[in-house]
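> Requesting a structural model of the entry that follows:
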Amino acid sequence: MTSAKREAAPANGRRLILFGAFDRHNFGDLLLARCAAAGARTKIVFAGLAARDLRDFGGFRTLALVDAIAAFGSEDADFVHVGGELLTTTAWEAAVMLQSPSDTARIVARYDRSPEARTAWAQSILGSARRIPYVVARDELPARWHTHFRPVGGVAFDTLPGAERDEILRALRSATTLSVRDRTTFDALRGAGLDPELSPDPAVATPKLFGATIRRHGQGGEIAARRARMRSWIAVQLAAEWEDDATLDRVAPLLLAASAARGTGIVLFRAGLAPWHDDLDTLRRLAERLGASCPVAILESAHMFDICALLAGACACVGTSLHGWIVAHAFGVPARCLVRSPADKAARYTDTWCDVPRQWRTPDDESLFPETVNG
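Numbering: from 1, shown residues only. I've put the predicted structure just below:
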């Protein structure tokens, strides 16, 4: 059985190159980059599939991978694949999520029904022929770089076509260290002959790593304004795929019941601005359905630490964001994660790490929430 070496990484004195999907706005990916960089005692480079500057949202300025290789390829470096569902994000998905939201509908309409055209377009955007572009094999990088995966997810690994699985396995077999964050990915990779470690998502350490920063964000700006208006709140987030009227009509009364039971307001927030993440219009339509029965507000800020502060200060959290659930749970806030299927990444992750079953709800459940929203 092929086994990834268990050794401390990255090593002091070697450049640390953090590579991941923090080249677009998604709460979890931005937070994972922060977690990966925390406490590092060496020079750090943030790399993605594209050059971006997300510092206004609590993220980092990223280099495109090709530019990082050109700039630092002659150095000793540890190349760390930073968390999230990197193992199963396809080139098409990655390329679309790097576009502006205003362009997404046009791009999808043009390419979505033609796999060949879709693949060609994605490769032209990314400048890479990799089918799973956030997974890079050791032999695709400079000779003095070591590759690491920690802890990554890939709950859909077994459903990928053979070519995609082979590409992923080639990269994982050449890695110096390999850890995954959920039992489903762990079992799939063990079945493929690998020996990964099983570790929780790094965001579980958010209170320890960033507690002081999050408290400062909670004492000013929008969070302070929310606190002045509401004694307490339920933090609520819905991905754009939950935007249909039937779903919103079902969620709204359940939220109102939970709010009434706890005597709280409701604050709606977005966990991602990139395409196929969250949409402000969805929250506005949900707010309209909630009406004036309880205090309702929408958090306009999408800054990573403002979101953390909102979650840390909530009396409960309900949403489709796995990292929203992880951060709320880490701060001791009762939380539910909404999923479409028990096979979704959030369901598989929470089932791996929670002693209390069913930390998630699906639309097929009798209720999206228990009698009171709790962990």
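
> check contacts around the nearest residue in space to R138 that is not next to it in sequence.
Closest residue in space to R138, ignoring its immediate chain neighbours: S174 at 3.6 Å, by Cβ to Cβ, 6 or more residues apart in numbering. Every residue, glycine included, has its C-beta placed from N, CA and C. By Cβ atoms under 8 Å, 6 or more residues apart in numbering, S174 lies in contact with A137, R138, D139, T147.

> So the third one versus R173, what's the distance?
Spelled out, that is D139. In this view, D139 and R173 are 11 Å apart by Cβ to Cβ, to the nearest Å.

> The stretch 51-200 of the chain: strands as residue ranges?
Secondary structure of the stretch 51-200 of the chain (DSSP state E, counting those that start in this stretch): strands located at 52-53, 61-64, 77-82, 145-152, 177-180, 197-198.

> out of the ones you listed, which comes closest to I298?
Relative to I298, the nearest member of the strands of the stretch 51-200 of the chain by Cβ to Cβ is strand 52-53, separated by 25.2 Å.

> which regions of the chain sit below the pLDDT cut-off?
1-12, 363-364, 366-375 (pLDDT under 70).

> okay, now the domains of it?
Using automatic domain parsing, the domain parsing of the chain gives 15-90+131-199, 205-361.

> which one of the strands of the stretch 51-200 of the chain is the most hemmed in?
Of all the strands of the stretch 51-200 of the chain, strand 77-82 has the most neighbours on average by mean count of other Cβ atoms under 10 Å, namely a mean of 26.

> Give the pairing partners of that strand; include direction for each.
strand 15-19 (parallel), strand 145-152 (parallel) (DSSP bridges).

> With distance to V180 added, can I get those strands in CSV?
Shown next, in CSV, are those (distance: least, Cβ to Cβ, whole Å):
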stretch, distance to V180
strand 15-19, 17
strand 145-152, 6
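
> can you pull out the helices in the stretch 1-150 of the chain?
27-37, 65-72, 91-97, 101-111, 115-126 (DSSP state H, counting those that start in this stretch).

> Show me what the first one is packed up against.
It refers to helix 27-37. strand 15-19, strand 44-48, strand 77-82, helix 206-218, helix 304-312, helix 322-330 (3 or more Cβ pairs under 8 Å, 6 or more residues apart in numbering; DSSP states H and E).

> swap in the second one?
On a contact count with 3+ Cβ pairs under 8 Å, 6+ apart, helix 65-72 meets strand 15-19, strand 44-48.

> Make a markdown table from these and add mean neighbour count and distance to V96 to it.
Formatted as a markdown table, these follow (neighbours: other Cβ atoms under 10 Å; distance: least, Cβ to Cβ, whole Å):
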| stretch | mean neighbour count | distance to V96 |
| --- | --- | --- |
| strand 15-19 | 25 | 19 |
| strand 44-48 | 22 | 15 |
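
> Redo those as a markdown table? Include distance to A228.
Shown next, in a markdown table, are these (distance: least, Cβ to Cβ, whole Å):
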| stretch | distance to A228 |
| --- | --- |
| strand 15-19 | 38 |
| strand 44-48 | 36 |
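
> What's the separation between R144 and T62?
Taking Cβ to Cβ, one finds R144 at 21 Å from T62.

> who touches stretch 88-103?
21, 23-24, 49-50, 104, 107-108, 111, 118-119, 121-123, 125-126, 128, 130-134, 153-157, 160, 164, 273-277.

> Just list whatever residues bridge to the residue lying closest to R284 once chain neighbours are set aside.
Counting by Cβ to Cβ, 6+ apart, R284 lies nearest to I298, which is 6.9 Å off, once chain neighbours are set aside. In this entry, I298 is beta-bridged to L268, by DSSP bridges.

> Hmm, I298 is touching T282, no?
No - using Cβ atoms under 8 Å, I298 is not in contact with T282; the gap is 10.5 Å.

> Which of these two has more residues huddled nearby?
The residue with more neighbours, out of I298 and T282, is T282; 21 against 16, by other Cβ atoms under 10 Å.

> Do you have the helices of the stretch 251-375 of the chain handy? List them.
Using DSSP H, counting those that start in this stretch, helices in the stretch 251-375 of the chain cover 280-290, 304-312, 322-330, 345-353.

> and the second one, what does it pack onto?
Contacting helix 304-312 under the criterion 3+ Cβ pairs under 8 Å, 6+ apart are the following elements: helix 27-37, helix 206-218, helix 221-229, helix 322-330.

> circling back to that earlier point, go through the helices of the stretch 1-150 of the chain and name the closest to E243.
Checked against Cβ to Cβ, the stretch from those lying closest is helix 101-111, at 13.3 Å.

> Contacts only, for the closest residue to R181 other than its chain neighbours.
Distance criterion Cβ to Cβ, 6+ apart; nearest residue to R181, sequence neighbours excluded, is P151 at 4.1 Å. Residues counted as contacts of P151 (Cβ under 8 Å, 6+ apart) are G83, S179, V180, R181, E197, L198, S199, P200, D201, P202.
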